[in-house]
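Undergrad: output the structure for:
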Amino acid sequence: METRTRDVAAPARAPVMRRMWVWAAAHAVDDLYQGLVPASVPYFVLERHYSYVAASGLTLAATLGSSLPQPLIGAAVDRMRLPRLPAAGVLLAGAGFGLAGPAGPYAVVWVSLLLSGLGAAVFHPAAGRAARQAAGDSVTGMSVFAAGGSVGFFLAPVLATPVLVAWGVGATVLFLPPAVLAAFVLVRMARQDEARAPATAGGRDRWGPFAVLTMISVVRSAVFAAVATFIGLYWVRHLGGSQVMAGTALACFLGGGVAGTIAGGRLADRIGLVRTVRVGAVLVVPMLAGLRLAPGVFSALPFAVLAGLALNVPFAVIVRLGQDYLPGRPGTAAGVTLGLSVSVGGLLAPAFGLAADARGTQTVFTLVCFLPVAAWALGLFLRSPGIGQGQGKNA
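TA: You can find the predicted model right below:
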């Protein structure tokens, strides 16, 4: 009887997993625009002569738009059926970034990127909730969805470098079509889903551990935002590399992040969620130190990959663990761990910009070597959500 049940369940899971891959692809498109912001910052600096503080202000605009509304949007997703919300979010994210380059005044560029960030805020809670329903108890499955976002970040410099080198920042409008296509696919899928009522898992919400987890996510995202924003300028201004090498360095960092997201899900299925969060905080320190101490444009590239890998090991795990701490509010949990805390970390970008203006971009990479220690210390206070919520190996 048990064998027959498994045989029936496997085909039944296949359509669900296919839907999760659709969500992962949509996540890649949405986060492409978040990745295009730091990828385009060096070109705004070099073409329009922005200061480091002004450059980090562009990252601040995108993170403000994507951070502040997310708890409210997550709560709305948990209470109401909003199947078209992800489509609207990805379309707004693409339109905001697409209009930033042709805009002339700095204030208009800033507002455009703010709207692009708002699009990400609209997308993440509903998409994170849907992905959790598709993934079930598999952390590896959830990591596939999270990796979609990492793929978007990875593709950003790969696509931005040749386009912006050839045509300048005014060419950002060329990145609008993927948002239109993704929105079209999501709207069609939403029409198919309107007759389905979303299920909400039972269990007691544990806000204390969730708050600790959120602080860990903020630390992780602060390091990520600092490296992603300044790694290109670090390659040009400190290591003496070309703009193409700067884009390559960012692509290596984000490509390592894709691998780290998948590896983190597989590791969590073996050793548990909490342990994986702690391991990621420990692993990233020597990788960042190697990136800072490497003497040349080529010798530093392997450390860019390894730093991105180690930094993203806890990413999908944090999203899944947050939903386990708040089983009755998966949209809210996704909005905070996948969106709010990630974006709040980016709010520290202007502080890193001040350090770069005062002492050079190398100072930024010295500072980020110490921040993961705080994430590891906070990780010591995490506890398993409990076997009763589907977590037998979390401690």
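
Undergrad: low-scoring stretches of the chain, by residue?
TA: 1-17, 81, 192-202, 342-343, 345-347, 386-395 (pLDDT under 70).

Undergrad: determine which residue lies closest to the centroid of it.
TA: Taking Cα atoms, centre = their mean, the centroid of the chain lies closest to Gly149, which sits 5.6 Å from it.

Undergrad: helix, strand, or coil at it?
TA: State at Gly149, reduced to three classes by DSSP: H, G, I helix; E, B strand; the rest coil: helix.

Undergrad: and it, how close does it get to Tyr33?
TA: 11 Å (Cβ to Cβ, to the nearest Å). For every residue, glycine as well, the C-beta is placed using N, CA and C.

Undergrad: picking that back up, excluding its backbone neighbours, what's nearest the residue nearest to the centre of the chain?
TA: Of all residues not flanking Gly149 in the chain, Asp31 sits nearest, at 3.9 Å (Cβ to Cβ, 6 or more residues apart in numbering).

Undergrad: ok, now which ones touch Phe381?
TA: Counting by Cβ atoms under 8 Å, 6 or more residues apart in numbering, Phe381 touches Pro209, Val212.

Undergrad: sec struct for it, please.
TA: Assignment for Phe381 (three-state DSSP): coil.

Undergrad: against Ala222, how distant is it?
TA: When Phe381 is compared with Ala222 (using Cβ to Cβ), they lie 19 Å apart.

Undergrad: for Ala249, same thing?
TA: Ala249 sits at a distance of 19 Å from Ala222 (criterion: Cβ to Cβ).

Undergrad: one more: Ser242?
TA: In terms of Cβ to Cβ, Ser242 sits 28 Å off from Ala222.

Undergrad: so where do the strands sit in this protein?
TA: Assigned by DSSP state E, the strands in the chain number zero.

Undergrad: list the buried residues for stretch 376-387?
TA: By neighbour count on 16 or more other Cβ atoms under 10 Å, the buried set for stretch 376-387 is Trp376, Leu378, Gly379, Leu382, Ser384, Pro385, Gly386.

Undergrad: and Pro69, backbone torsions?
TA: Main-chain dihedrals, Pro69, degrees, to the nearest 10: phi -80, psi -10.

Undergrad: list the residues that contact it.
TA: Pro69 neighbours (Cβ under 8 Å, 6+ apart): Leu118, Ala121, Val122.

Undergrad: filter the residues you listed down to just the buried residues.
TA: Among these, the ones that count as buried by 16+ other Cβ under 10 Å are Leu118, Ala121, Val122.

Undergrad: what about Gly296, neighbour count?
TA: Gly296: 10 surrounding residues under other Cβ atoms under 10 Å.

Undergrad: ok, for it, nearest residue in space, not its chain neighbours?
TA: Per Cβ to Cβ, 6+ apart, closest to Gly296 is Leu239, 6.5 Å.

Undergrad: equivalent analysis for Cys369, please.
TA: Cys369 sits nearest to Leu288 (Cβ to Cβ, 6+ apart), 4.7 Å away.

Undergrad: same check on Arg19?
TA: Ala134 (5.4 Å).

Undergrad: try Ser138
TA: Per Cβ to Cβ, 6+ apart, closest to Ser138 is Asp269, 6.9 Å.

Undergrad: touching, that neighbour and Thr140? I think so.
TA: Yes. Using Cβ atoms under 8 Å, Asp269 is in contact with Thr140, at 5.3 Å.

Undergrad: ok so, going back, quick one, which of Ser242 and Ala222 is more surrounded?
TA: Each of Ser242 and Ala222 has its neighbours counted (other Cβ under 10 Å); Ala222 has more, 26 against 12.

Undergrad: isn't that one right up against Leu348?
TA: Yes. Counting by Cβ under 8 Å, Leu348 is a contact partner of Ala222 at 4.7 Å.

Undergrad: that'll do, ta.
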